[in-house]
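Novice: sequence and predicted structure below; questions after.
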Amino acid sequence: MSLLKLLKMLFFGPRVTEPKKSFEDQEFEKIGADIKKEIRRLYGGRSLRIRAVDGGSTNAEEIELTALGNAYYDIDRFGLSFVASPRHADMLFVTGPVTRNLERAVKTTYEAAPQPCIVVAIGDGACIGGIWKDSYAVVGAVDKVIPVHVRIPGDPPTPTEILKGILAALRSAKK
Amino acid sequence: MANLIVYGIYIFFAGMAASILLSFLKKSAKAGNVLMIGSGVVGFLASVAYLSGFSGRELVIFQTGTLFGISFSLNFLSAIFFALVSGISSLVLIYGVEYLRRYRKTYPIEMVRFLSGFFILGMAGVLLAGNVISFLLFWEMMSVASFLLVMSDKTKESARAAFLYFIMTHLGAAAILGGFLILGGGALNFGLGSIGVAAKTLSPEMLAVSLLLFFFGFGSKAGLIPFHIWLPEAHPQAPTNISALMSGLMLKVAVYGFLRIILAISGIPAWFAILVVALGIVSAFFGALHAAVEKDIKKAFAYSSIENMGIIFTMLGVALYILARNSSHEAMILATLLFAYAIFHAINHAIFKTGLFLSSGVIISKVHSKSLEAMGGFAKAMPFFSFVFLVIILGSAALPPLGTFYGEWGFIRSLIQSIWSFNSDAASLIVFMMILPMFALVSGLAIFAMVKIFGISMLGLPRTHWHEDEADKENDKRMVAPIAVLGGLMILMGVFAKNILNALTEGVRQMSAVQTKIAPSIAISSLRVFLFFVLFSMIAVLAYKILAGRDKKEKEREYHTWDCGQPIDAGMEYTATAFASPIRFFFLLYLRRFKQITAEPIVKTNPWFVKKTFALEVVSNWQARVYDPAYKAVLWMAKKVRLIHTGRIQYYLLLILATIIITLLIAI
């Protein structure tokens, strides 16, 4: 019986895939194109390497960062990519209020990255401390540990907002 | 000149004796020590003067008709070893000033100085002895003084090690006494120079017995397997400066004794030579193996001593074998060469083993543990010391351009030459072919052991916090300076290896019972190797400077190794146990290993949170398979003998009567 049901669903069920046109985000595409231009200006055709550091976040920001790499957003096409070591990074993403246990990790990651390095604080926790502000367990916002160039508020910020932040950071950066 | 040398030796003996007396008194201990060092230097200079103007003549220093005809004389062999003993022991004494000051609470300083005076005097006396009585007398002085020195920290383990040493060394001394008694036909007041003549009068069987007794006596003192059991116990338990004296010099005295015997006696049978080779190569192998797996630094050095003694005895054994098998002129030249290599290796070993033990004393005074697992980080904290230690370690691993390399290299060359050059029979071929791969294995294991010891103790981060006060830190150079001198000697031995070897072969040629007409030539050009080495290292340094300078022009910022945000600490370092693990694994059949992992719950009701402890112990198979059964057998026999000990005097009288009757029956 269930087999019949399955066959029925497969052949006569509704279509679950959508046409590409229906979810094209014009704003996102535009920001992406601008970022690509900026990166070309700053790095002469090379891509921008990002190292993400978790400073004790709730993982909400991490999920958004992961989304940046999926088929929908696919930021690799704009010349952005995540790397596994601060030694290769041009830009640092720091998420979450910096907890005492991860303070040294955030600090040494910044020190180990080649200069100049753009630091982006992502999420409310990273910008001001979020709901953990003034807790004994956290040091506080990222700028209490390392210098921060751009803050992207939101809990968590959407991918588009993150890209906007990156664009702002790149615009302000001098060659 | 000859008079001056004799006076120099007199000054040495008088100075030593006076300083022993002085160091017994608390007030003049310092003056006594200075006097001891000074007389050591005078003795060294005198023997070097004798060697430099060597004419092949024995120099009689002291002779008397009374007192059992005690006499002292200096010949080529004893002059070499005397120079070693007097020179190196004065370095060790200089080191001892600071070392003993640091350990004034552990060791009674006056007592250690007093006894080490006796110890050095005993060794020097053995080397200069001209007849058997004085030889045995000073041998005993050396043994007893070192026995008392081993237990100078008065702990239970030290006393145990010391008594083990005492028993083994006295068995050995008894064997030597027996050997001399057989040689002298029951008399002991004959000169060491007439051993060769005495041996000619003996029947082959008696000669064999006396040779075996000598081999046991000197071999047990030199720590050959299976008579080695005391060595890894006693050497590490002694204060470090005494360990250096024991390992660096006392073992050489045993080599000297054995050399005196075998060089004087002609017609040594081939089976004896094979026995020497077999025990030599077995000692070399097991010594190197234990040195590679041992994690107690002083024990590892003690095992390395066994290995080097094994190498020296292998060289001597091969020389004896060639002499016994082949009487051609070529064979004699080869044997002479091999004796020279053995003496050369003994000199090198005296230098580097003393250096190694002294260095271990510096390390232990910082980390307060003998275990390698507590060391590390010296290369950054004490760069000069670790460089000196590196030179000595390279010397002990027998790498060019240091002296040890030429001894071992020359030995391998002569082995190969002896396989090729004269048509040897199948038996000799088998013997040589067995030695070659074993020797290669030993060299490899020795390098492994030394790399382990240097890497774990010097490199990386310190594994323990050093508790040192500023005064000790200031005085470190007083301990490092004598070691640096030894390191310099190591390099000199390498640079002038060819000249020294040539002089040695010439001396051995004149000493030995079988004389060759032409002096053999050494086909090693150590000076050229050294020049190449210096040239290459200079090129390497220059290239580095140039290349590094070119890189510096670009923007560069120095930062420590990327640690993924977690600090790197000593707990992440390679341990000595883990480093030696492949070797332990390969030789599991031989090594007895006890591994124990215990998990103990921290809270009794919760089985999930446990405290785990890991214990690994590697023990010698010889102890379990050879010594323990022997010990049990002796105890069993003692129990049986006790059956006739009833405690009644009448019974004992009856026993005495029975003994007399049986003796008379046998005598008739």
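Specialist: Sure, I can see it. As the structure is a computational prediction, the values presented were derived from the model and not from experiment. Residues are numbered from 1 along each chain as shown, chains lettered A, B, ... in the order given.
Novice: next, work out how far apart the residue nearest in space to the middle of chain B and residue B:139 are.
Specialist: Geometric centre of chain B, nearest residue: residue B:247, 3.9 Å, by Cα atoms, centre = their mean. Residue B:247 is 18 Å from residue B:139, where distance means Cβ to Cβ, to the nearest Å. For the C-beta atoms, the positions are set from N, CA and C on the backbone; glycine is no exception.
Novice: tell me if I'm right that the residue nearest to the centre of chain B and residue B:303 touch.
Specialist: No - using Cβ atoms under 8 Å, residue B:247 is not in contact with residue B:303, being 10.4 Å away.
Novice: mind listing what the residue in the stretch 51-200 of chain B that chain A sits nearest to touches?
Specialist: Relative to chain A, the nearest point of the stretch 51-200 of chain B is residue B:102 (37.8 Å; Cβ to the nearest Cβ). Residue B:102 sits next to B:365, B:472 when contact means Cβ atoms under 8 Å, 6 or more residues apart in numbering or on different chains.
Novice: could you do residue B:599 as well?
Specialist: Per Cβ under 8 Å, 6+ apart, neighbours of residue B:599: B:610-612.
Novice: same deal with residue A:101?
Specialist: Contacts of residue A:101 (Cβ under 8 Å, 6+ apart): residue A:56.
Novice: residue B:214 is in contact with residue B:179, correct?
Specialist: Yes - with contact defined as Cβ under 8 Å, residue B:179 reaches residue B:214; the gap is 4.2 Å.
Novice: ok, those two, which is more surrounded?
Specialist: The residue with more neighbours, out of residue B:179 and residue B:214, is residue B:214; 26 against 22, by other Cβ atoms under 10 Å in any protein chain shown.
Novice: next one: residue B:414 from residue B:447, what distance?
Specialist: From residue B:414 to residue B:447 the distance is 21 Å (Cβ to Cβ).
Novice: neighbour count: the two, which is higher?
Specialist: residue B:414 (24 against 18).
Novice: pLDDT below threshold where in chain A?
Specialist: Within chain A, the stretches with pLDDT under 70 are A:175.
Novice: could you check how far the longest strand along it is from the centre of its chain?
Specialist: Taking DSSP state E as the criterion, chain A has its longest strand at strand A:48-54. Averaging C-alpha positions (Cα atoms, centre = their mean, to the nearest Å) puts strand A:48-54 8 Å from its chain's average.
Novice: that one: partners in the sheet, and parallel or antiparallel?
Specialist: Note on strand A:48-54: by DSSP bridges, its sheet partners are strand A:80-82 (parallel), strand A:91-95 (parallel).
Novice: need phi/psi at residue B:301.
Specialist: When quoted as degrees, to the nearest 10, the phi and psi of residue B:301 stand at phi -70, psi -40.
Novice: so how far is chain A from it?
Specialist: 40 Å (Cβ to the nearest Cβ, to the nearest Å).
Novice: that residue contacts residue B:354, doesn't it?
Specialist: No - Residue B:301 lies out of contact with residue B:354 (Cβ under 8 Å); the separation is 10.3 Å.
Novice: joint contacts of the two?
Specialist: Shared contacts of residue B:301 and residue B:354, counting by Cβ under 8 Å, 6+ apart, come down to residue B:247.
Novice: which one of those two is surrounded by more residues?
Specialist: Neighbour totals were compared for residue B:301 and residue B:354, and residue B:354 leads with 29 against 26 (other Cβ under 10 Å).
Novice: quick check on the residue in the stretch 201-350 of chain B positioned nearest to chain A: phi, psi?
Specialist: Closest contact between the stretch 201-350 of chain B and chain A, by Cβ to the nearest Cβ, is at residue B:295 (32.7 Å). Dihedral pair for residue B:295: phi -110, psi 0, per degrees, to the nearest 10.
Novice: neighbours of it, how many?
Specialist: Per other Cβ under 10 Å, the neighbour tally for residue B:295 reads 21.
Novice: contacting residues around it?
Specialist: Contacts of residue B:295 (Cβ under 8 Å, 6+ apart): B:371-373, B:576-577, B:580.
Novice: and the residue in chain B that chain A sits nearest to, which of the three is it?
Specialist: Per Cβ to the nearest Cβ, residue B:565 is where chain B lies closest to chain A, at 2.9 Å. Under DSSP: H, G, I helix; E, B strand; the rest coil, the three-state class of residue B:565 is coil.
Novice: how close does it get to residue A:143?
Specialist: Distance of residue B:565 to residue A:143, given as Cβ to Cβ: 19 Å.
Novice: do the same with residue B:333
Specialist: Shown here: residue B:333 relative to residue A:143, a distance of 84 Å by Cβ to Cβ.
Novice: next secondary structure after the least confident helix or strand in chain B by mean pLDDT?
Specialist: One helix or strand of chain B scores below all others by mean pLDDT, DSSP states H and E: helix B:621-622, with a mean of 74. Counting by DSSP states H and E, the next helix or strand C-terminal to helix B:621-622 is helix B:628-641.
Novice: what residues sit buried inside that next one?
Specialist: By 16 or more other Cβ atoms under 10 Å in any protein chain shown, helix B:628-641 has no buried positions at all.
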